[in-house]
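After the sequence you'll find the predicted model.
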Amino acid sequence: MKRNNWESKIDTIQRDVARRIVGGHRGCAIKAMYGELGWRDIKYELDKRLLRFLGRMWVGGVPDERWSMKVFLEGLEDIRKGRALTPWWARVSKKFDEYGLDAGLLIRKEGLQKWRTHVDKQIASKALVDWGKGMEGMSTLRYYRKKPTPKYEPYLRDDWEKKWELFRIRTGQAMLNGIRSKWDCNTEEWCVVCKEIRETEEHLLLECKGLTLEREVVMRAFEGALDERGKEEFRGLSQVDKMGWMLGLDEGVAKRIGKQTWKRIFVGIGRLLYKRDRLADKVGWRKGMLGGK
């Protein structure tokens, strides 16, 4: 099987597993799913193993009779004589340019561990930049782009339904009426609860008059974990920035609030959305958060 074929199959399997874990829809952004789990594209892991193995061969850590070592030595001889690179060496050469690797570490023989550390750092840096760029221009990820790095968060570990709800509202996959109405002519854009304003995540969590009690529970837990300076800063933020804070996507705020407090906040958000869906069922409108029909 050709490399690009089996690499593509592994990547597809990883995406399907990620989608099942986070409860994402088929159209959910891959970068957001990986960001929620602390994962990255399989390409980076394969490149890391390739370049680490190159370091092993360079320091003589692989027996000469191995086929891979023979290819390595033949390629070195071609380089010394100015001949064209073999396919394997051409591929390795591209990886050096892609990740900005310092070949001098190998030439100077500064040690295998130093080379591995260098490879890991450069690949992690490139993967983080690519992860951020992959979310640019996606309107559904206007909150999620505030997350600085892909990182798994153990909130609601035992409550998968609440975790799925949290992920969908973080990534604009909640399928509220304001979104559904863009592609479903049978769905009106108005809020199910107050029926006054276009239904969006920001409206439900920050504005809707029909969810005042549920919102007070969330805000009491959230603002109670902030100091006075933090409360003042929060009140002066835009709606999008407030959502980033309340959904735990701002790293500075996330560190200031304990895990148990975040759990109470997310459970409160889940109850707020559950009331919205109950009202949607009662009036015969489609469910939003859990993808009901």
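Looks like it arrived, so ask away.

Contacts for stretch 91-98 next, please.
With contact meaning Cβ atoms under 8 Å, 6 or more residues apart in numbering, stretch 91-98 is reached by 47, 50, 51, 54, 85, 101, 103, 126. Glycine gets a C-beta too; all of them are placed from N, C-alpha and C.

Now residue 275: closest residue in space that isn't a chain neighbour?
Leaving aside its sequence neighbours, residue 275 sits nearest to residue 214 (Cβ to Cβ, 6 or more residues apart in numbering; 5.9 Å).

OK, contacts around the most centrally placed residue in the chain?
Nearest to the geometric centre of the chain sits residue 35, at 1.6 Å (Cα atoms, centre = their mean). Neighbour list for residue 35: 131, 144, 147, 149, 150, 151 [criterion: Cβ under 8 Å, 6+ apart].

Show me which of those is closest to residue 164.
The closest of the contacts of residue 35 to residue 164 turns out to be residue 144 (Cβ to Cβ; 15.0 Å).

And the closest one, how far from residue 251?
13 Å (Cβ to Cβ, to the nearest Å).

same question, residue 267
22 Å.

And the two? Which one has more around it.
Between residue 267 and residue 251, counted using other Cβ atoms under 10 Å, the more crowded position is residue 267 (18 against 13).

Which strand or helix spans that one?
helix 259-282 (DSSP states H and E).

just the helices in the stretch 101-250 of the chain please.
If DSSP state H, counting those that start in this stretch is used as the criterion, the helices of the stretch 101-250 of the chain fall at 104-107, 112-134, 160-170, 177-180, 201-202, 212-224, 228-235, 239-246.

so how many other residues sit close to the residue nearest to residue 245 when sequence neighbours are not counted?
Among residues not flanking residue 245 along the chain, residue 253 sits closest, at 5.0 Å (Cβ to Cβ, 6+ apart). By other Cβ under 10 Å, 20 other residues sit near residue 253.

How about residue 257?
19.

what residue of the protein is the furthest out?
Largest separation from the mean C-alpha position in the chain: residue 81, at 45.8 Å (Cα atoms, centre = their mean).

Ramachandran coordinates for that residue?
Backbone torsions of residue 81, given as degrees, to the nearest 10, read phi -90, psi 0.

residues contacting it?
With Cβ under 8 Å, 6+ apart as the criterion, no residue contacts residue 81.

List the buried residues of stretch 252-264.
By 16 or more other Cβ atoms under 10 Å, the buried positions in stretch 252-264 come out as 253, 254, 257, 262, 263, 264.

With the flanking residues excluded, which residue is spatially nearest to the second one?
Pointing back at residue 254 there. Nearest non-adjacent residue to residue 254, counting by Cβ to Cβ, 6+ apart: residue 248, 5.1 Å away.

residues contacting that neighbour?
Neighbours of residue 248 in contact, by Cβ under 8 Å, 6+ apart: 153, 155, 254, 257, 262, 265, 266.

Could you report the separation of the closest residue to the fourth one other than its chain neighbours from residue 44?
Using Cβ to Cβ, 6+ apart and skipping the chain neighbours, the partner closest in space to residue 257 is residue 225 (4.4 Å). Applying Cβ to Cβ, one obtains 35 Å for the distance of residue 225 from residue 44.
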